[in-house]
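Enquirer: could you work out the structure for the sequence below:
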Amino acid sequence: MSAPGPGQVLFAFVRHWSRRSPDGGAGTAERGRLVLVTEAVHSLAERGATATVNAVAHEIGIDQSGASRLIKCAAEEGYLVMAPSRADGRRREASLTAAGRSLLTQAHRWQEQVFAQLTADWSAERRRYFQRAMTELIDRSHTLETPHGHGA
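Expert: Residues are numbered from 1 along each chain as shown. This is a model prediction of the structure:
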């Protein structure tokens, strides 16, 4: 059997870390979902996109009903708020609350700590190179559309 290719390694890494959270104990999956949906709303806003349920569903890669449930749960926990869209009052959009921004600050701090631990023996140059390469992959991923039914 041959070694997995770089794409397989990337997706294995993503799957592994998507199931982790800072507390590491009970509720890890639930907290991970809350961070996931809050991060999706934040990411959409950072790119100037409206965080509708459909946009969040696309951002996360799940169906509309799943995204709706995640948004509802995050809103019930106080991390998101749903309001009529500023651009089209018939649609609703999600936005972060102060608690949602705090959740992301904590999650981002944990992510940076994990990265520092994983790369403790790397040079600063290697860390910067890795960051640039991953940023390029992320930027490129926003320009590609994966047809429904294909992908990981």
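Enquirer: and the next element down the chain from the lowest-mean-pLDDT helix or strand in the chain?
Expert: The helix or strand of the chain with the poorest confidence is helix 6-18; it has a mean of 80 (mean pLDDT, DSSP states H and E). Going down the chain from helix 6-18, the next helix or strand is helix 28-46, by DSSP states H and E.
Enquirer: pull out the buried residues from that following helix.
Expert: For helix 28-46, a neighbour-count test (16 or more other C-beta atoms under 10 Å) marks 31-44 as buried. Every C-beta, even on glycine, is put in place using the N, C-alpha and C of the backbone.
Enquirer: what helices and strands are in contact with it?
Expert: Using 3 or more C-beta pairs under 8 Å, 6 or more residues apart in numbering; DSSP states H and E, the elements in contact with helix 28-46 are helix 53-60, helix 64-76, strand 80-84, strand 92-96, helix 98-118.
Enquirer: list the buried ones in the third one?
Expert: To tie it back to what came earlier, the one meant is strand 80-84. Buried-residue list, strand 80-84, by 16+ other C-beta under 10 Å: 80, 81, 82.
Enquirer: which among these gets closest to residue 144?
Expert: residue 80 (27.0 Å; C-beta to C-beta).
Enquirer: excluding covalently adjacent residues, which one is nearest to the closest one?
Expert: Sequence neighbours aside, residue 74 is the residue nearest to residue 80 in space, at 4.4 Å (criterion: C-beta to C-beta, 6 or more residues apart in numbering).
Enquirer: and that neighbour, what is it in contact with?
Expert: The contact partners of residue 74, by C-beta atoms under 8 Å, 6 or more residues apart in numbering, come to 34, 37, 38, 80, 94, 100.
Enquirer: what of residue 96?
Expert: 38, 41, 42, 45, 79, 80, 81, 104.
Enquirer: can you check the pLDDT for residue 142?
Expert: pLDDT recorded at residue 142 is 74.
Enquirer: so the helix or strand encompassing it versus helix 53-60, what angle?
Expert: Residue 142 belongs to helix 124-143 when assigned by DSSP H and E. Per axes from the mean of the first three to the mean of the last three C-alpha atoms, to 10 degrees, the angle that helix 124-143 makes with helix 53-60 is 140 degrees.
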